[in-house]
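In: Sequence and computational prediction follow.
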Amino acid sequence: MNPQASSGKFSIDKLVRVLPGLAFLFLVVFASAPAARAANAFIRVNQMGYETGVPGRAYLMSKVAETGAVYRVVDSSGNVKSSTALGATTGTWGEFTVYALDFKVHEAGNYALEVRGPANATSLQFKVDTAQKLFKSGVANALYFYQNERDGVHFIPTPLRSAAGHLNDAHLNVYASPQFDADDLIIGALEPSGLPVDASGGWWDAGDYIKFVQTHSYTVALMLIGVRDFPKQMGAGAGSSNFSSEAKFGVDWLNKMWNDGSQTLYYQVGIGTGFESNENLLSDHDLWRLPQEDDAFGGADTDLQYIRSRPVFVAGAAGAKISPNLAGRLAASFAGCYQVLHKSNPGYADKCLLAAEHIFDLADTAPAGDLLTVAPFDFYGEGEWRDDLELGATELYLAIASADCPLPPGLQHTNANFYLKAASHWAHEYINGPCDACDTLNLYDVSGLAHFELYRAIDCAGANTALEVTPKQLLADMRKELKNAKTTGAADPFGYGFPWASYDSATHGAGLAVMAHEFAFLTGNNSYEKLANQWSGNILGANAWGSSFIAGDGDVFPNCMQHQVANIVGTLDGTEPVLRGALVEGPNSFAATGTLDGMRACPADGVNEFKKFNGNGAVYRDRVQSYSTVEPAIDLTAASFLMFSWPIAGGPAVFAPLVNADAVALAADDSADTAGKQWPPKRSPRSRK
C-alpha cells in the first residue's frame with residue numbers, strides 16, 4: 001500500500017520485561033545480574049505456549065560464546081524441572097550467536113527458560129497445556145480481526161468500531177479498468193461503464209478501506225474450508241470462535257461483486273493511487289481517518305469525490321472471460337458456500353453453486369500479459385493461476401459429490417466427476433508448469449491447499465475415474481514445497497522456512513504450518529508435525545526480535561500497526577482495545593516511512609526497540625509508518641485460523657484421509673531426501689508504491 005497512506009500500529013520491545021504478578025525465583029536471580037551482562041543474551045519462545053508432552057523449541061541469542069552454559073526449565077514456583085547442557089550453535093544472526101533450546105514438559109502450568117553461563121538470560125513466561133487451551137484464543141482473535149474489518153451497515157460494534165462506514169457504497173458508479181503510468185498513477189479520467197451497483201459490505205483489504213475481490217475471495221475460500229473441516233473450532237460447535245456468520249458475510253459481498261444474471265464481475269471498490277493529470281484528486285491512501293467519515297468527507301469538494309463516492313471497477317463486458325486466478329478462487333468460495341450452507345440455507349446455497357459453475361466456465365485458460373488482480377497490478381502482482389483453477393474445480397467436485405439433496409435446477413454439470421477431471425488437469429498443469437513449488441500456501445499460490453483438497457476428493461471418488469494426477473503425485477508436489485522450506489530453514493539460525501527479508505514473511509509461516517499439518521495427516525509422518533510447531537512458533541515469538549507477529553497473540557506483539565482504526569481509536573501500548581488477531585507483514589528487507597495528518601505517532605518517543613535485533617538482511621520495525629512490516633491484511637491473517645485449528649482438532653472432521661502404502665513410502669523417503677532449493681520466489685509479492 002502507499003507508504004504515505006497505508007495503516008499501522010507499534011510494538012515496544014519488552015523482550016525481557018517482568019510480567020505483572022510474576023514471582024519466579026529465576027527472575028529474582030536474573031534481576032540481580034549486571035545490566036551489561038544481561039543485555040548480551042536473550043531467549044526467544046513461542047509466546048502462545050507449548051503442548052504438554054510435545055517437544056518444544058526456543059532459541060538463545062548471545063553476543064558472547066556460551067561455553068559450558070546450561071539451560072533449565074523452571075516452573076512458577078521456581079522449581080527446576082530439567083537442566084540441559086547447551087548444544088552447538090545453529091548459526092549467527094547479526095551480532096548474535098544463536099542456539100536451539102529443545103525441551104519437553106509433561107505437566108500443564110506456567111514455565112520459563114533460563115540460561116546460566118557466560119551470559120545469563122531468562123525468557124518470558126509461557127504456558128504448557130493442551131492445544132485447545134493454548135490456541136483457542138488465537139482462533140477467536142482472528143475472528144475478532146475480521147469483525148473489525150467489516151464495512152457497511154452490518155458492522156459489529158466493538159471498542160474499536162462505533163459506527164458503520166461507507167454507506168454510500170450501496171449505490172456506486174461503475175468504471176472501466178483504468179490505465180496506469182510507470183509510477184502507478186491513473187492515466188486520464190475514469191471512464192464510466194454501466195449502471196450503478198450496490199457494492200456495500202465486505203471487509204477492507206488491510207489498514208486502508210479499499211475492497212478487492214483478489215484478497216477477499218482467497219480469505220473466504222479458506223474461511224469456509226475452516227468452518228467445514230473444523231466445526232468445533234470454527235463452526236457451529238466453536239462458541240465464541242464460530243466463523244459461520246463471518247464467512248457468510250464475506251460471501252454476501254462476493255455475491256454483490258458477481259452479477260450472475262448478467263455474468264458480470266466487478267473486482268474492486270475504491271482507489272489507492274492518484275491521477276497523472278490531476279494531482280489534486282485524492283485517493284484512499286491520501287487520508288488518515290475513520291471509515292464513517294468518508295460518506296460526507298469534504299462536503300462538495302470535487303477533489304474528494306472518489307472518497308465520498310468510491311469507484312467500482314468492472315472486469316469486462318457481460319459474459320466476458322474472467323482472469324483465471326479470480327475465477328478459480330471465486331469458484332472455490334461459492335462452492336464452499338454450498339458445502340457449508342446447503343442444509344441450513346438451501347436457497348442461498350443453490351445460488352452460490354450456480355455462481356461457482358458459471359464463473360468457472362468463464363475462466364480464461366490462456367491468459368496473456370498480467371493477470372487481473374487489482375488496479376494497479378503492482379499492489380498484488382500475482383503470476384500463478386493454475387493452482388486457483390485446481391482449487392475451484394476441487395471445491396465444485398466436493399460440493400456436488402457431497403450434496404444429499406436435489407441439485408439446483410439449471411446446473412449444467414451435475415456429474416461431480418466433470419470437476420474432478422478438471423481439478424486433476426489443472427493440478428497436472430501446475431506441477432508441470434513454470435512455477436511449480438515456487439511458493440507455499442499464501443495469497444499468491446494456493447497449491448498447498450488445493451493439492452490437499454484434491455487428494456481427499458480423489459479418495460472420496462475412489463479409483464473409478466481416469467485422472468491426470470495420482471494422490472502420490474500430489475503428495476510429492478506438496479513435499480517438494482515443504483522441502484524447499486526445510487532447505488531454507490536449514491540455513492536460518494531460527495529454522496524458519498521462508499526468508500525473513502521478504503514481503504509477506506509472517507503469513508508464509510502460518511501457511512507452512514498448515515501445509516506441514518496436511519502432509520502429516522495424509523502420510524502419518526510426525527516429523528512434519530514438528531516442523532509445523534516450529535514454523536508457527538517462529539511467527540509467535542521464537543524469532544530474532546522476540547515478537548509475535550499477530551496482535552494479541554502473546555505478550556509482545558505489534559502495538560503500532562499501520563491500520564487507521566487501530567491507530568486512531570486503539571491504545572498504543574498493548575492494552576485493550578487492541579486489534580486482536582491481526583497478522584502483520586512481519587520482517588522485511590526495509591521499513592517504510594511516510595506520515596499523514598491525523599496519524600498518531602507510534603511509538604511516541606520514536607525509539608526503535610527492535611533495531612538491535614535486525615540482522616542477515618532482515619529488518620523489523622514496529623512503527624505506524626511502516627506498512628512493509630506492520631500492516632495487517634485479510635489475506636495475511638487468513639492462514640492463521642487454520643494454523644491454530646489444526647493442532648486443536650488433530651485433523652478435519654470430514655473426508656477422512658487415505659493413508660496408503662504409497663503415502664507412507666513417500667513420507668519415509670522424504671526423511672532421507674536432501675533435494676530442495678532456497679527461496680524466495682522470483683516475484684516480489686505485495687509491492688506497494
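Out: Sure thing, it's come through.
In: for the protein, which spans come out with low pLDDT?
Out: By pLDDT under 70, the weakly predicted segments of the chain are 1-38, 463-464, 655-689.
In: again, only this time at 50
Out: 1-38, 672-676, 682-689 (pLDDT under 50).
In: List the buried residues for whichever strand or helix holds Glu453?
Out: Glu453 belongs to helix 447-461 when elements are defined using DSSP states H and E. Buried residues in helix 447-461, defined by neighbour count with 16 or more other CB atoms under 10 Å: 447-460. The way it works is simple: take the backbone N, C-alpha and C, and place the C-beta from them, glycine included.
In: and the helix or strand following it, what other elements does it pack with?
Out: Past helix 447-461, further along toward the C-terminus, the next helix or strand under DSSP H and E is helix 471-490. Other helices and strands packing on helix 471-490, by 3 or more CB pairs under 8 Å, 6 or more residues apart in numbering; DSSP states H and E, are helix 416-431, helix 447-461, helix 505-523, helix 527-539, helix 661-670.
In: Which other helices and strands does the helix holding Glu453 contact?
Out: Checking 3+ CB pairs under 8 Å, 6+ apart, helix 447-461 ends up next to helix 213-229, helix 386-401, helix 416-431, helix 471-490, helix 505-523.
In: Alpha carbons of stretch 230-243, in CSV - could you do that?
Out: What follows is stretch 230-243, C-alpha atoms only, in CSV (Å, rounded to 0.1, in the frame of the first residue of the first chain):
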residue,chain,number,x,y,z
PHE,A,230,-13.2,-27.8,11.9
PRO,A,231,-16.8,-27.4,13.2
LYS,A,232,-15.7,-27.4,16.8
GLN,A,233,-13.0,-24.8,16.3
MET,A,234,-14.6,-22.6,13.6
GLY,A,235,-18.1,-23.8,13.1
ALA,A,236,-21.3,-24.3,14.9
GLY,A,237,-19.7,-26.0,17.9
ALA,A,238,-17.0,-23.4,18.3
GLY,A,239,-18.8,-20.9,20.6
SER,A,240,-17.1,-17.5,20.6
SER,A,241,-14.9,-18.8,17.7
ASN,A,242,-17.7,-19.6,15.3
PHE,A,243,-16.8,-18.2,11.9
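In: from the buried residues of helix 447-461, which is closest to Gly202?
Out: Of all those, Gly202 sits closest to Leu449, with 22.1 Å by CB to CB.
In: Quick check: which of the helices and strands packed on helix 447-461 is nearest to Val578?
Out: Taking the helices and strands packed on helix 447-461 one by one with CB to CB, helix 505-523 is closest: 17.0 Å.
In: Between helix 447-461 and that closest one, find me the angle.
Out: Comparing the axes of helix 505-523 and helix 447-461 via axes from the mean of the first three to the mean of the last three CA atoms, to 10 degrees yields an angle of 20 degrees.
In: can you give me phi and psi for Ala100?
Out: Backbone geometry at Ala100, expressed as degrees, to the nearest 10, gives phi -80, psi 140.
In: how far away is the residue lying closest to Ala437 once chain neighbours are set aside from Glu453?
Out: Leaving aside its sequence neighbours, Ala437 sits nearest to Lys480 (CB to CB, 6 or more residues apart in numbering; 4.3 Å). Separation of Lys480 from Glu453 (CB to CB, to the nearest Å) stands at 18 Å.
In: Then Thr440?
Out: Taking CB to CB, one finds Thr440 at 15 Å from Glu453.
In: swap in Ser424?
Out: 12 Å.
In: can you map out the helices along the stretch 551-689 of the chain?
Out: Along the stretch 551-689 of the chain, counting by DSSP state H, counting those that start in this stretch, helices occupy 564-568, 627-630, 634-649, 661-670.
In: just the stretch 51-200 of the chain next, same as before
Out: 131-148.
In: wouldn't Ser83 be in contact with Arg72 here?
Out: Yes - using CB atoms under 8 Å, Ser83 makes contact with Arg72 at a distance of 4.6 Å.
In: Give me the more crowded residue out of these two.
Out: Between Ser83 and Arg72, counted using other CB atoms under 10 Å, the more crowded position is Arg72 (19 against 12).
In: which residues does that one contact?
Out: 26, 80-84, 113-116 (CB atoms under 8 Å, 6 or more residues apart in numbering).
In: Check Ala189 too.
Out: With CB under 8 Å, 6+ apart, Ala189 has these contacts: 275, 277.
In: burial of Asp605, as a residue count?
Out: Around Asp605 there are 9 residues (other CB under 10 Å).
In: My error: substitute Ala163 in the last question.
Out: Neighbours of Ala163 under the rule other CB under 10 Å: 11.
In: any idea how far Pro291 is from it?
Out: For Ala163, the distance to Pro291 - CB to CB - is 8 Å.
In: can you check Gly651 too?
Out: Taking CB to CB, one finds Gly651 at 39 Å from Pro291.
In: Who has more neighbours out of the two?
Out: Pro291 (22 against 17).
In: got a list of what the more buried one touches?
Out: Here Pro291 is in contact with 151, 165-166, 204, 209, 564-565 (CB under 8 Å, 6+ apart).
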